[in-house]
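Participant: here is a sequence with its predicted model. Questions after.
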2 protein chains.
Amino acid sequence: MSAVLLKRLAFQVGPNISENTFTLSSVSKEGHFISLRPFTKPTKEQEGFPFEWGFAGTKENLKAAPTKDSEGNVVLQQDFDMGFDTNVYLGIENTHRGVINTFWKTWDSGCLEESGKVFPFGKDKEGIPFMELWQPIDPNVKDMVMLEAGDGRFAPSSVRSVVFKVSAGQGYEGLIVVVGNWAQGYIAKESTKSAEGINFIRYYIEGDKASHYYTKFGSECNKFPTDLSSVSVNSTVTVNGLKWDIIEA
Amino acid sequence: MSAVLLKRLAFQVGPNISENTFTLSSVSKEGHFISLRPFTKPTKEQEGFPFEWGFAGTKENLKAAPTKDSEGNVVLQQDFDMGFDTNVYLGIENTHRGVINTFWKTWDSGCLEESGKVFPFGKDKEGIPFMELWQPIDPNVKDMVMLEAGDGRFAPSSVRSVVFKVSAGQGYEGLIVVVGNWAQGYIAKESTKSAEGINFIRYYIEGDKASHYYTKFGSECNKFPTDLSSVSVNSTVTVNGLKWDIIEA
């Protein structure tokens, strides 16, 4: 599997479709993933935690297999059993718990339509159908360059894929997924369970180093790795006291 | 008004949302416009005329003014009275005739949501609501670079805007709208009224000349201007026997 970077174009729940975030989802070659969904224009109430959602997981949390939709078309089923989920971490009521089954089809335009149901009131209660529309973008460049969009620009043949995971036993969990030149990561303090325990980062890489930050949330962002000049799988790095395992490189 | 180039992301009619074209809409500084909607993967039946739709008009065909939607939000109303419309030209039954009223709002993500109703069975019959989602793209570069997308990339401060219109009295109508480095145009033979009478062109410009063609449909594409090195408003150019007025430059 190739590593991919997807930008969300639209989010539909019931008849309402819109997009008020700058959401990017990163999936590494091996299937480790993270999705950060910062509001583009957070309201006063959202300022304390200016994210619609954030989640991440390792390949163990993601099962993907072809299946058929109600019309008999082959679609890709992806079942996400989030490793980290802000709704769960923050204990937000009436939000989904457990595996989310999603179904993916590719439009002629190159976009990916993801549909599924969430069960915010429990698996035995009514599910809420949703649809999310995703645009593959070129992870090797800084601009949001659309891929597969009809103009002949396809995914680059070579895309870097690096994943750091916070080493066990430090009182933290965390992951950074690097796809091409884009990195997204989280660190969460295991004990805190409030927005104060969450750190999110999104940065662009030039010359193996973080060169521009798009998201930098939380008081412990200095513990994220930002130097990729000598990463090798199964090694570790320690950044301002926090030890990370490099689980993919 | 700045000249804009919009790429359609999605087209929704009733509950069905999808995108099977590579649609670009060009609007010049003065308000001349053209929208070409080639199918990305035309079916066997579509091959003879591989377009969902094509239309174009001059500023006289477009009225734009702010208005309020049903929730009281200010939206931009744009009323299109197409100068050229493939459905009308080809005499396709059960398609809209006359002005189309559309309502535009900008999402936080920078995309434009256009909604409206068409009346394929006549103005006195039921209207069909539609929604189209548009992504502003950078008209000065060849890749589909998203603008206003949350990453800090905004519209360039300077965008070229040139419009050619087929001079009257030659048995043809036609328009080319150049926005930045992207040109889209049509030529239609006034007498033909079939797909054989239609020519569409979409090309990218480098060094003032057409450098790459994305769409080239019809037997008279050699009559389109492709050289922008010395255009001035109110002058004319003749290309393989067809005379064009430069109505904006």
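Facilitator: In hand now; what should we look at?
Participant: distance of the residue nearest to the spatial centre of chain A from chain B?
Facilitator: Centroid check for chain A by C-alpha atoms, centre = their mean gives residue A:35 as the closest residue, at 1.7 Å. Using C-beta to the nearest C-beta, to the nearest Å, residue A:35 is found at 14 Å from chain B. Using the backbone N, CA and C atoms, a C-beta is placed for each residue, glycine as well.
Participant: check contacts around that residue.
Facilitator: A:23, A:24, A:25, A:26, A:53, A:54, A:55, A:56, A:184 (C-beta atoms under 8 Å, 6 or more residues apart in numbering or on different chains).
Participant: surely residue A:91 touches residue A:193?
Facilitator: Yes - shown here, residue A:91 and residue A:193 form a contact pair, counting by C-beta atoms under 8 Å, at 6.5 Å.
Participant: these two - which one has more neighbours?
Facilitator: Using other C-beta atoms under 10 Å in any protein chain shown, the more surrounded residue of residue A:91 and residue A:193 is residue A:193, with 14 against 9.
Participant: what sits against residue A:64?
Facilitator: A:31, A:76, A:77, A:78, A:79 are the contacts of residue A:64 under C-beta under 8 Å, 6+ apart.
Participant: mind putting these into TSV with neighbour count and secondary structure?
Facilitator: As requested, those are exported to TSV (neighbours: other C-beta atoms under 10 Å in any protein chain shown; DSSP: H, G, I helix; E, B strand; the rest coil):
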residue	neighbour count	secondary structure
A:31	19	coil
A:76	15	strand
A:77	16	strand
A:78	20	strand
A:79	14	strand
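Participant: burial of residue A:176, as a residue count?
Facilitator: Residue A:176 has 26 nearby residues by other C-beta under 10 Å.
Participant: now swap in residue A:128 and tell me
Facilitator: So residue A:128, with other C-beta under 10 Å, has 14 neighbours.
Participant: check residue A:148 too.
Facilitator: 20.
Participant: any idea whether the closest residue to it other than its chain neighbours is helix, strand or coil?
Facilitator: Once flanking residues are discounted, residue A:148 sits nearest to residue A:110: 3.0 Å by C-beta to C-beta, 6 or more residues apart in numbering or on different chains. Recorded secondary structure, residue A:110: coil (DSSP: H, G, I helix; E, B strand; the rest coil).
Participant: for residue A:110, what are its contacts?
Facilitator: Contacts of residue A:110 (C-beta under 8 Å, 6+ apart): A:135, A:136, A:146, A:147, A:148, A:149, A:150, B:40.
Participant: correct me, but the fourth one touches residue A:141?
Facilitator: Read that as residue A:147. No - at 10.5 Å, residue A:147 and residue A:141 do not qualify as touching, with contact defined as C-beta under 8 Å.
Participant: which one of those two has more residues nearby?
Facilitator: residue A:147 (20 against 15).
Participant: who does residue A:26 bridge with?
Facilitator: In this structure, residue A:26 bridges to residue A:5, residue A:34 when assessed by DSSP bridges.
Participant: no no, residue A:63
Facilitator: Applying DSSP bridges, one finds that residue A:63 bridges with residue A:79.
Participant: next, count neighbours for residue A:169.
Facilitator: 7.
Participant: brain fart, residue A:131
Facilitator: 16.
Participant: what parts of chain A come near chain B?
Facilitator: A:7, A:9-10, A:12, A:17-22, A:39-41, A:107-111, A:113, A:131, A:133, A:135, A:137-138, A:142-146, A:149-151, A:153, A:214 (C-beta under 8 Å from any C-beta of the partner chain).
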